[in-house]
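Enquirer: pasted the sequence and its predicted model underneath.
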Amino acid sequence: MKNSLMALSAALMLGGVASAQNVAFEEYNLDNGLHVILHNDPSAPVIITSVMYHVGAKDENPERTGFAHFFEHLLFEGTENIKRGEWFKIVTSNGGVNNANTTEDRTYYFEVFPSNNIELGLWMESERMLHPVINQIGVDTQNEVVKEEKRLRYDNSPYGQLIPVVKKNMFKNHPYRWTTIGSMDHLDAAKLEEFQAFNKKFYIPNNAVLVVAGDISNKEQTKKWIQQYFGNIPKAPAIERKSFPEAPITQTINDTFEDPNIQIPMIVTAYRTPSMKTRDARVLDFISGILSDGKSSRLYKKIVDNNKTALQVGAFSYSQEDYGTYILYGLPQAPHTSEDILKEMDEEIVKLQTELISEKELQKLQNKYDNQYINGNSSVEGIAENLASFYLLYGDVNLINTEKDIYKTITREEIREVAKKYLNPNQRLVLNYVPSKDKAQN
C-alpha cells in the first residue's frame with residue numbers, strides 16, 4: 001500500500017506539469033441542478049473526483065456554530081452502502097487518497113485515484129450526497145474528534161486565538177464573526193435531528209459542483225457514470241440566503257487578549273475589506289506582496305532587518321465571499337515594544353497612500369502572481385479545486401484562465417488609492433495580543 005501511495009504522489013507531481021497555458025474544461029448541469037465540470041489531462045494516470053458544496057460557517061445558526069466543519073468529518077462516517085469505518089479502507093485499498101476541508105463559505109471533498117478507478121470515485125461521492133448515514137454514534141464519535149482538533153489548533157496552540165479574536169471584533173452582524181470550528185457547547189447541545197436537517201438542507205445537488213479532473217480516457221463513458229450515479233438524486237428546495245451588511249468602521253477599535261500559550265506579545269491591526277470577488281481585493285493582494293513578501297519586502301527590510309524592532313512582521317488578506325479582513329502583525333524584539341512596531345507599520349502604510357511604488361516593484365508583483373498562477377495549476381488536484389471554487393464562489397469558471405490578466409492590469413495608482421480607501425487608523429482594530437498575566441508572573 002505504501003508503494004502505491006508513493007506512486008500516486010509521484011503521478012500527481014507529474015500530472016499537469018507547470019505551464020502558463022490555459023486550462024481547458026467542459027461544464028454542464030444535470031436536471032437536478034448539479035453543476036458538472038470536466039477537465040482532461042492525460043499526462044499522468046491520475047483522476048480527481050471532487051464535490052464542493054456551497055455551505056460554510058456563515059450558513060450556520062448563531063446558536064449552532066461549527067456545523068459545516070462538523071460535517072466535513074461526519075460525512076466520512078459511512079453511507080447506506082458503505083459501512084461505518086470502511087470509507088478510508090476502500091480508498092486506500094484502491095491506491096487512492098482523500099480529504100476534505102471547510103471554510104466560512106464552502107465545504108470541499110475529494111478523492112485522488114489511479115485513473116482506472118474513476119467510476120469508484122464517482123460512486124463514493126454520489127453515496128455521500130444521496131445516502132449518508134447520520135446517526136448518534138457517528139455524531140458522538142466526530143464530536144470527540146472535533147474537540148481534539150480545537151484543543152490542538154486553537155486552545156493549546158501559540159497565538160491560536162488570533163483569528164477568532166480578530167473576527168469577533170471585525171464583524172458584529174455577519175456570521176463571519178465566529179470561527180469555522182465553532183462552539184463546542186453548541187455541538188454538545190445539538191440534537192441528532194438538527195444534524196439531519198442541516199444535511200438535508202445543504203448537501204444537495206443544486207447546492208454543489210462536481211469536478212472530475214485528470215486522465216479522463218473516455219469522456220462519454222464518464223458522463224454516463226455521472227448521470228447514472230448523480231442524475232437520480234432528487235433536487236431539493238432552493239436555499240434562501242440572507243444578507244448580513246456591516247456598518248462601516250469609523251473609529252479605531254482597541255482590544256487586548258491574553259494567551260497563556262505565548263511568551264512574546266503580538267501587535268495586530270485589522271481592517272475590513274470587500275469581497276474576494278472584487279478588483280480591490282486583488283489590489284490588496286498586491287499590497288500584501290509589497291509589505292511582507294520575503295526578506296526584500298518593506299516591512300521586513302525596515303522593521304526586522306534594519307531597525308531590529310521586531311522578530312517577525314507580516315501582512316495578509318483574509319479573503320472571503322462576502323467581506324475580507326486585511327491583517328498586519330508584528331512580534332517585538334526587546335527592548336522595543338508593540339507600540340514601536342505599530343508606529344513603523346503605520347509609516348509604511350502612509351507611504352503606500354502618498355507615494356507611487358516603483359515600476360520595478362510593480363513588475364516584481366506581476367511576476368509573482370504569474371508564478372502563483374502556474375503553481376496553483378501545476379497539478380490536477382490544484383486545478384480541480386480551482387475550477388470548483390471559481391464556479392461556486394465567483395460565478396465564473398473561466399477565471400481559472402483570466403484572473404491572472406486582472407492582476408496584470410493593476411496599476412501603481414490603484415495600489416495607492418486602495419491603500420487610501422481601506423487602510424486608515426479610524427477603520428481598524430488594534431489588538432494587543434499578550435501573554436496571560438499568570439504566564440508573565442511565572
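Expert: Structure received.
Enquirer: now do the buried residues in stretch 127-143.
Expert: For stretch 127-143, a neighbour-count test (16 or more other C-beta atoms under 10 Å) marks 127-130, 132-134, 138-139, 142-143 as buried. In this view, the C-beta of every residue, glycine as well, is placed from N, C-alpha and C.
Enquirer: distance of the residue nearest in space to the middle of the chain from Phe71?
Expert: Nearest residue to the geometric centre of the chain (C-alpha atoms, centre = their mean): Thr103, 5.1 Å. With distances taken as C-beta to C-beta, to the nearest Å, Thr103 is found 13 Å from Phe71.
Enquirer: over to Leu352?
Expert: Taken as C-beta to C-beta, the span from Leu352 to Phe71 is 41 Å.
Enquirer: these two: which has the busier surroundings?
Expert: Comparing Leu352 with Phe71 by other C-beta atoms under 10 Å, the one with more neighbours is Phe71, at 24 against 19.
Enquirer: from the chain's centroid, how far away is the helix or strand containing the more buried one?
Expert: For Phe71, the host element (DSSP states H and E) is helix 67-74. On the basis of C-alpha atoms, centre = their mean, to the nearest Å, helix 67-74 sits 15 Å off its chain's mean C-alpha point.
Enquirer: what do you get for stretch 418-431?
Expert: 24 Å.
Enquirer: can you list contacts of that stretch?
Expert: Around stretch 418-431, the neighbours that count as contacts under C-beta atoms under 8 Å, 6 or more residues apart in numbering are 165-166, 169-170, 248-257, 267-273, 280, 283-284, 287, 326, 342, 346, 349, 352-353.
Enquirer: what do you get for stretch 234-246?
Expert: Taking C-beta under 8 Å, 6+ apart as the rule, stretch 234-246 contacts 31-33, 54, 58-59, 171-175, 200-202, 204-207, 272, 322-323.
Enquirer: which parts of the chain are strands?
Expert: 26-29, 35-40, 46-53, 97-102, 107-114, 208-214, 253-259, 266-274, 310-318, 323-332, 428-435 (DSSP state E).
Enquirer: make JSON lines out of those strands and add mean pLDDT.
Expert: Formatted as JSON lines, the strands of the chain follow (pLDDT from 0 to 100):
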{"stretch": "strand 26-29", "mean pLDDT": "98"}
{"stretch": "strand 35-40", "mean pLDDT": "98"}
{"stretch": "strand 46-53", "mean pLDDT": "98"}
{"stretch": "strand 97-102", "mean pLDDT": "97"}
{"stretch": "strand 107-114", "mean pLDDT": "98"}
{"stretch": "strand 208-214", "mean pLDDT": "98"}
{"stretch": "strand 253-259", "mean pLDDT": "98"}
{"stretch": "strand 266-274", "mean pLDDT": "98"}
{"stretch": "strand 310-318", "mean pLDDT": "95"}
{"stretch": "strand 323-332", "mean pLDDT": "98"}
{"stretch": "strand 428-435", "mean pLDDT": "98"}
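Enquirer: same list (those) but as CSV, adding mean neighbour count and distance to Lys364.
Expert: Shown next, in CSV, are those (neighbours: other C-beta atoms under 10 Å; distance: least, C-beta to C-beta, whole Å):
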stretch, mean neighbour count, distance to Lys364
strand 26-29, 13, 35
strand 35-40, 20, 31
strand 46-53, 28, 33
strand 97-102, 17, 31
strand 107-114, 24, 32
strand 208-214, 28, 31
strand 253-259, 15, 33
strand 266-274, 23, 23
strand 310-318, 20, 16
strand 323-332, 24, 20
strand 428-435, 20, 27
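Enquirer: which one, of those, ends up nearest to Arg153?
Expert: strand 97-102 (12.8 Å; C-beta to C-beta).
Enquirer: using PDB, write out every CA atom in the closest one.
Expert: Taking C-alpha atoms only, strand 97-102 is exported to PDB below (Å, rounded to 0.1, in the frame of the first residue of the first chain):
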ATOM      1  CA  VAL A  97      -6.100   9.200  -1.100                       C
ATOM      2  CA  ASN A  98      -8.900  11.500   0.000                       C
ATOM      3  CA  ASN A  99      -9.600  14.500   2.200                       C
ATOM      4  CA  ALA A 100     -11.900  17.400   2.900                       C
ATOM      5  CA  ASN A 101     -11.700  21.000   4.100                       C
ATOM      6  CA  THR A 102     -14.100  23.700   5.200                       C
END
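Enquirer: each with direction, which strands does that strand pair with?
Expert: Note on strand 97-102: by DSSP bridges, its sheet partners are strand 107-114 (antiparallel).
Enquirer: so which of the strands of the chain comes closest to Lys150?
Expert: Closest among the strands of the chain, using C-beta to C-beta: strand 97-102, at 13.4 Å.
Enquirer: the closest one: how far from the chain's middle?
Expert: 12 Å.
Enquirer: quick one, it and helix 67-74 angle?
Expert: 170 degrees (axes from the mean of the first three to the mean of the last three C-alpha atoms, to 10 degrees).
Enquirer: one step back: buried ones among the contacts of stretch 234-246?
Expert: 32, 54, 58-59, 171, 174-175, 202, 204-207, 272, 322-323.
Enquirer: was I right to think Glu72 contacts Thr103?
Expert: No - applying C-beta atoms under 8 Å as the test, Glu72 and Thr103 come out as separate, 10.1 Å apart.
Enquirer: noted, bye for now.
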